[in-house]
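*Asks:* Generate a structure from the sequence data that follows.
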Amino acid sequence: MPGLDELIPSATQIRKEAALKEAEKAEEYVRLAAAAEAEKRALIERLSKPSGKTEEEKIKLASTIIQRAVRNGMSEVMVYRFPNTLCTDKGRAINQMEKGWENTLTGIPKEIFQLWTDYLKPRGYRIAYQIIEFPGGVPGDIGVTISWGDE
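*Replies:* Numbers count the residues shown, from 1 in each chain. Take a look at the predicted model:
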């Protein structure tokens with residue numbers, strides 16, 4: 001029969017084992033958080049560059065999105081959502097609705113604005129860039145909405 005020390009470890013031994021388990025959990029959390037942050041940085045890096053799509057591909061994509069929304073009885077559709085870090089001022093000018101806010105756009109958000117300027121605006125479409133979330137009370141992600149209904 002095993003001795004009492006083998007059946008019931010000391011409180012000190014139990015605390016050491018618990019501390020090791022907690023340290024393992026903390027290390028796993030830090031590893032996952034670092035991986036998520038690296039993934040987010042890579043996504044933002046990719047979105048901050050031009051999409052690489054041709055003008056024709058962009059127009060076809062816009063047409064598909066708009067036509068699907070129309071078939072569903074909508075008069076507007078959010079076509080894109082992006083982190084405020086894709087604006088040179090982190091979305092401040094958009095949030096304040098300042099004149100020239102479009103000059104703060106970079107990457108794909110800038111491409112969308114240019115597509116609207118070149119092809120959609122002349123056909124009567126409107127565009128809106130607005131902060132759609134405020135984590136901790138500060139501007140967060142920005143949504144891009146194309147609309148075509150009555151104002």
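
*Asks:* Could you use CA atoms for every contact and neighbour count after this?
*Replies:* OK.

*Asks:* What segments of the chain are strands?
*Replies:* If DSSP state E is used as the criterion, the strands of the chain fall at 76-82, 126-131, 142-147.

*Asks:* Can you say which of these is nearest to residue 14?
*Replies:* strand 76-82 (47.8 Å; C-alpha to C-alpha).

*Asks:* how about the strands of the chain, which one is nearest residue 23?
*Replies:* Going by C-alpha to C-alpha, the one of these nearest residue 23 is strand 76-82, 35.3 Å.

*Asks:* Tell me the buried residues in the closest one?
*Replies:* For strand 76-82, burial by neighbour count (16 or more other C-alpha atoms under 10 Å) applies to 76, 77, 78, 81, 82.

*Asks:* now the last one, which residues is it bridged with?
*Replies:* On the basis of DSSP bridges, residue 82 is bridged to residue 142.

*Asks:* and this structure, what are its domains?
*Replies:* 4-47, 55-147 (automatic domain parsing).

*Asks:* any idea which of those is most buried?
*Replies:* Each of those was scored by mean neighbour count; the highest is domain 55-147, a mean of 16, by mean count of other C-alpha atoms under 10 Å.

*Asks:* First-to-last residue distance for that domain?
*Replies:* 20 Å (C-alpha to C-alpha, to the nearest Å).

*Asks:* Next: stretch 139-149.
*Replies:* First-to-last distance for stretch 139-149 - C-alpha to C-alpha - comes to 28 Å.

*Asks:* just stretch 132-139 next, same as before
*Replies:* 8 Å.

*Asks:* quick one: which of the buried residues of strand 76-82 is nearest residue 18?
*Replies:* residue 82 (41.8 Å).

*Asks:* how near is that closest one to residue 124?
*Replies:* Computed as C-alpha to C-alpha, the residue 82 to residue 124 distance reads 24 Å.
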